[in-house]
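pasting the sequence and the predicted model now:
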Amino acid sequence: MKQTQDLLSSGHVRRTCALMLVLVMLIASSAAAQGETTYTAPDGGWTVPVPGGWTTTEGEGYVQFSSGDGMDLFVLTFPDGDIEDIAPDAWAIVDPEFNLTYEPSDVHRITDEVLLLGYDSAGIITYADGTGADGKVVQAAVQSFNGIAYVILIDTDLPTVQRRAAQLQLLSTGFLPADFGADDLSAAEVVAFDDAFFDELDAFAADVQARLEVDSLAYAVVRDGEVVHVNGSGTQVDGSPVTADTHFMIGSITKTMTTLLMAQAVDQGVFTWETPVVEVNPEFAVADPAVTAQITMSNLVCACTGVPRRDYELIYNPAVPASEILDQLETFEFFTDFGETFQYSNQLVAAAGYETARALDPDADDLLSAYIARMQDSIFEPVGMADTTFDFDVIAAGERYPLPYGRGVLVHEPLSIEAESFLLSVAPAGAVWSTANDMAAYLIMLMNGGVTADGTRIVSEAGLARVQTPQVAIDSNTDYGLGWILGDYKEVPVYFHDGNTLGYAASMAYMPDRGIGIVVLVNQQASGAPSLITSGFFSSALADPEPDAPGEVDIIATTIAENRARAEDTFIRTFDAETIAPFAGVYANPVLGEVTVAVTRDNGLTFDAGEFVTALWRSTEQDDADVYFMADPPLAGDRVRLTLSEDGDPRVVIGLGLTEYTFTPTK
């Protein structure tokens with residue numbers, strides 16, 4: 001099962017740059033594409049899924065796949081060899097005038113067997129990573145299998161990558177050499193859940209917690225409509241141990257609850273999935289009037305409308321009322337057709353929740369309060385989720401939560417729960433607090449087809465089936481439904497969603513054909529722990545002879561250690577006073593508001609956004625002298641460019657490509 005990165009996490013900004021392609025293109029998946037055209041090479045040596053609307057051209061020695069708006073992929077085959085010998089020959093075939101160069105550090109070779117996923121070798125060369133002035137993204141990936149080197153070349157730019165990242169992922173992960181073996185557990189039966197099984201699960205979870213440096217976690221296992229195991233580890237703020245009744249934020253798992261509320265409204269005849277949003281709210285609008293008229297209630301939650309990510313606007317502007325979130329949509333542009341590619345927008349899902357609340361309670365003055373009241377009455381209470389809430393005051397007073405930990409450049413650091421309060425602006429997208437026990441009750445209802453543990457039906461089978469119907473491909477074996485991710489664990493279907501906030505992470509997943517499920521909650525931003533524990537649970541439950549999770553834990557733990565080991569040699573914390581002095585001051589952006597850049601006594605730099613303050617560092621591994629990165633949570637690692645305009649005026653720029661924001665001096 002593949003977990004997608006939850007986009008309430010601050011890390012999404014970094015991952016939308018070209019470095020994401022390294023993760024996407026290095027290794028092909030062993031799964032076939034779902035609902036896409038499959039291209040077979042003329043010699044039958046390989047296949048690849050082709051997204052709708054793309055063109056295929058067979059050239060002399062290569063096959064070209066084009067999006068039509070600036071993204072071209074080329075596939076070639078060679079006898080096995082070294083990537084640095086093969087890549088120049090490949091480029092010479094598709095573009096005899098290709099002359100881009102690279103540094104040794106731009107060559108990434110994969111040697112770990114876990115990451116190779118059945119290939120004999122793999123690697124990638126990055127010639128341009130999208131951060132240059134022209135925004136170009138140029139890479140060569142080579143994967144070798146049975147004596148043949150399969151080469152994928154990409155030539156595009158960063159905005160196109162941001163628009164079509166999911167289609168790129170579909171192509172690259174769906175590429176399959178002939179006779180490439182696939183792990184298939186579709187015939188596997190679930191093992192007995194005895195004491196030994198849970199001892200093994202608890203030991204694995206403890207290992208993940210220790211090696212990924214997770215402060216606290218809790219999880220619950222469900223089988224055939226019953227909670228069969230719970231566990232917790234860590235410390236609540238009141239000093240007591242973490243249990244299955246400890247509060248954590250669940251992030252974007254909230255989206256599954258919002259679409260459940262929508263399904264209930266459809267059951268009641270309040271609207272249909274295809275009802276235009278303007279019929280629910282005549283004042284609803286996005287930037288393009290034609291799109292405004294076209295967009296439906298289901299489009300708001302399908303992650304398939306082509307609207308780019310704009311999460312910075314949430315983090316930099318907390319405490320925005322629901323009405324203002326809806327007003328902000330008037331500036332949203334859509335860059336692909338509906339259903340064309342996966343694009344994740346928290347504001348659109350928030351709009352879905354608020355417009356559903358409006359449809360259910362037309363006289364409501366406060367859409368956030370109306371939405372929360374409906375969630376409480378229609379989902380939390382009937383399911384038996386007494387400890388689940390949106391109320392930060394209730395959480396703070398109860399003190400049954402572990403502090404959230406945001407990711408710093410070197411270590412995770414504790415935050416206050418107030419740092420998470422910006423999520424209330426987009427509550428339907430990710431502001432729920434819950435517990436492992438409550439989430440287990442929710443999971444039982446889902447696995448029962450909409451029937452709670454006490455036998456109460458809260459949504460029709462058809463309604464639940466609708467939200468769990470694929471709408472758009474995320475990659476070659478994972479689709480997005482309506483607030484749901486639909487994938488598999490080695491050919492066994494899995495329905496799931498993960499969640500990330502500034503200091504918590506979560507995963508909820510179940511196998512509908514096997515009657516087993518798990519929810520994992522941790523207090524660590526962008527943590528891999530929930531998905532690793534989930535994967536470990538499914539592999540043990542199906543007696544997987546080659547489980548992936550243990551090796552993945554090794555890789556992540558090793559990477560953490562290696563990054564720290566080289567930190568002192570690569571991080572630059574103080575700078576030339578004359579170079580940085582012009583940038584001290586207050587800056588403003590019409591969308592994100594004001595920020596302050598200050599020079600410290602020792603010639604360091606700080607970036608103060610009001611909601612958070614971070615040091616700015618540089619790395620010796622960077623080529624651009626004007627690029628710095630945030631060193632502290634909650635947005636550690638995100639780039640900040642300090643540059644001068646043609647007139648010599650200082651500028652502060654954050655983000656890249658389609659989501660770039662420029663701040664100018666206020667004086």
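Perfect, thanks for sending it. Numbering: from 1, shown residues only.

residues making contact with stretch 401-420?
In this structure, residues lying in contact with stretch 401-420 by C-beta atoms under 8 Å, 6 or more residues apart in numbering are 10-11, 213, 215-216, 234-237, 242, 246-249, 392, 395-396, 433, 501-504, 523-526, 563-564, 567, 571, 611-612, 617, 629, 631-634, 636-637. C-betas here are computed from N, CA, C, even on glycine.

what's near enough to touch E200?
Residues near E200 by C-beta under 8 Å, 6+ apart: S540.

W617: what's its closest spatial neighbour, skipping adjacent residues?
Leaving aside its sequence neighbours, W617 sits nearest to A631 (C-beta to C-beta, 6 or more residues apart in numbering; 4.7 Å).

now do the same contact list for the one you found.
Per C-beta under 8 Å, 6+ apart, neighbours of A631: 408-409, 571, 573, 614-617.

make a PyMOL selection of the buried ones in these.
A single PyMOL command selects the buried members of these (16 or more other C-beta atoms under 10 Å):
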select buried, resi 408+409+571+614+615+616+617
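
restricted to strands, list the contacts of A631.
Assigned to strands by DSSP state E, the following of the contacts of A631 qualify: 571, 614-617.

can you name the two of the residues you listed that sit furthest apart?
Using C-beta to C-beta, the pair of the ones in strands among the contacts of A631 lying farthest apart is F571 and T614, separated by 13.6 Å.

just give me the least confident of the contacts of A631.
pLDDT across the contacts of A631 is lowest for V409, at 83.

ok so, going back, gap between the residue nearest to W617 and G430?
25 Å (C-beta to C-beta, to the nearest Å).

any chance of the ones in strands among the contacts of A631 in JSON lines, plus distance to T596?
Below are those laid out as JSON lines (distance: C-beta to C-beta, whole Å):
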{"residue": "F571", "distance to T596": "22"}
{"residue": "T614", "distance to T596": "12"}
{"residue": "A615", "distance to T596": "13"}
{"residue": "L616", "distance to T596": "12"}
{"residue": "W617", "distance to T596": "17"}
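
so what are the domain limits for this structure?
Annotated domains of the chain cover 12-30+32-177, 195-559, 577-665 [automatic domain parsing].

looking at the ones you listed, which is closest to D184?
Proximity to D184 (C-beta to C-beta) singles out domain 195-559 among the domains of the chain, at 4.7 Å.

quick check, distance from the closest one to the centre of its chain.
12 Å (C-alpha atoms, centre = their mean, to the nearest Å).

and the pLDDT for L168?
You'll see L168 listed with a pLDDT of 89.

what's the burial count for V63?
Look at V63: counted by other C-beta atoms under 10 Å, it has 18 neighbours.

one more: the one 5 residues further on?
Counted with other C-beta under 10 Å, the burial measure for G68 works out to 9 neighbours.

now the one 5 residues further on
Burial of L73 is recorded as 25 neighbouring residues (other C-beta under 10 Å).

for the one helix or strand it maps to, buried residues please.
L73 belongs to strand 72-79 when assigned by DSSP states H and E. By neighbour count on 16+ other C-beta under 10 Å, the buried set for strand 72-79 is 72-78.

wait, T614 sits on L635?
Yes - counting by C-beta atoms under 8 Å, T614 touches L635, with 7.0 Å between them.

how about the strands in the stretch 101-250 of the chain?
Counting by DSSP state E, counting those that start in this stretch, residue ranges of the strands within the stretch 101-250 of the chain are 107-110, 121-129, 136-145, 148-157, 176-177, 217-223, 226-233, 248-249.

got the angle between the third one and strand 148-157?
Read that as strand 136-145. 170 degrees (axes from the mean of the first three to the mean of the last three C-alpha atoms, to 10 degrees).

which elements pack onto strand 136-145?
Other elements packing on strand 136-145 under the criterion 3 or more C-beta pairs under 8 Å, 6 or more residues apart in numbering; DSSP states H and E are helix 19-25, helix 83-94, strand 121-129, strand 148-157, helix 158-174.

at 7 Å instead, please
Secondary-structure packing of strand 136-145 (3 or more C-beta pairs under 7 Å, 6 or more residues apart in numbering; DSSP states H and E): helix 19-25, helix 83-94, strand 121-129, strand 148-157.

which among those is found nearest to I315?
For I315, the closest of these is helix 19-25, at 19.9 Å, according to C-beta to C-beta.

just want the angle from the helix or strand where V652 lies to helix 158-174.
Assigned by DSSP H and E, V652 belongs to strand 650-656. Relative orientation of strand 650-656 and helix 158-174, computed by the same axes, to 10 degrees: 20 degrees.

what sits up against strand 650-656?
Identification of contacts with strand 650-656 by C-beta atoms under 7 Å, 6 or more residues apart in numbering yields 13, 16-17, 130-131, 158, 312, 582-583, 585, 587, 595, 597, 638, 640-645, 660-665.

quick check: buried residues in that strand?
Neighbour-count burial for strand 650-656 [16+ other C-beta under 10 Å]: 650-656.

from those residues, pick the one nearest A293.
Top of the list for closeness to A293, among the buried residues of strand 650-656 and by C-beta to C-beta, is G655 at 30.0 Å.

what bridges to the closest one?
Under DSSP bridges, the beta-bridge partners of G655 are E660.

and the gap between it and T131?
With C-beta to C-beta as the criterion, G655 and T131 are 11 Å apart.

intersection of neighbour lists for the two?
Counting by C-beta under 7 Å, 6+ apart, G655 and T131 have no contacts in common.

shouldn't G353 be within a helix?
Yes - under DSSP: H, G, I helix; E, B strand; the rest coil, G353 sits within a helix.

which non-adjacent residue is nearest it?
Excluding the flanking residues, the one nearest G353 by C-beta to C-beta, 6+ apart is P428, at 2.4 Å.

report how many residues lie close to that neighbour.
P428: 35 surrounding residues under other C-beta under 10 Å.

could you do M445 as well?
Around M445 there are 26 residues (other C-beta under 10 Å).

avg pLDDT for the host helix or strand of it?
According to DSSP H and E, M445 maps onto helix 436-447. Helix 436-447 comes out with an average pLDDT of 99.

do stretch 359-372 as well
97.

for it, buried residues please.
Quick answer for stretch 359-372 (16+ other C-beta under 10 Å): 359-361, 364, 367-368, 370-372.

again with stretch 338-348
So, applying 16+ other C-beta under 10 Å, buried residues of stretch 338-348: 338, 340-348.

now distance to G135 too, for the contacts of A631, in CSV please.
As requested, the contacts of A631 are exported to CSV (distance: C-beta to C-beta, whole Å):
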residue, distance to G135
G408, 29
V409, 25
F571, 26
R573, 29
T614, 26
A615, 28
L616, 23
W617, 24
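
among the contacts of stretch 401-420, which are located in helices?
Using DSSP state H, the members of the contacts of stretch 401-420 that fall in helices are 392, 395-396, 563-564, 567.

out of these, which one has the weakest pLDDT?
A567 (78).

quick one: contacts for it?
Counting by C-beta under 7 Å, 6+ apart, A567 touches L410.
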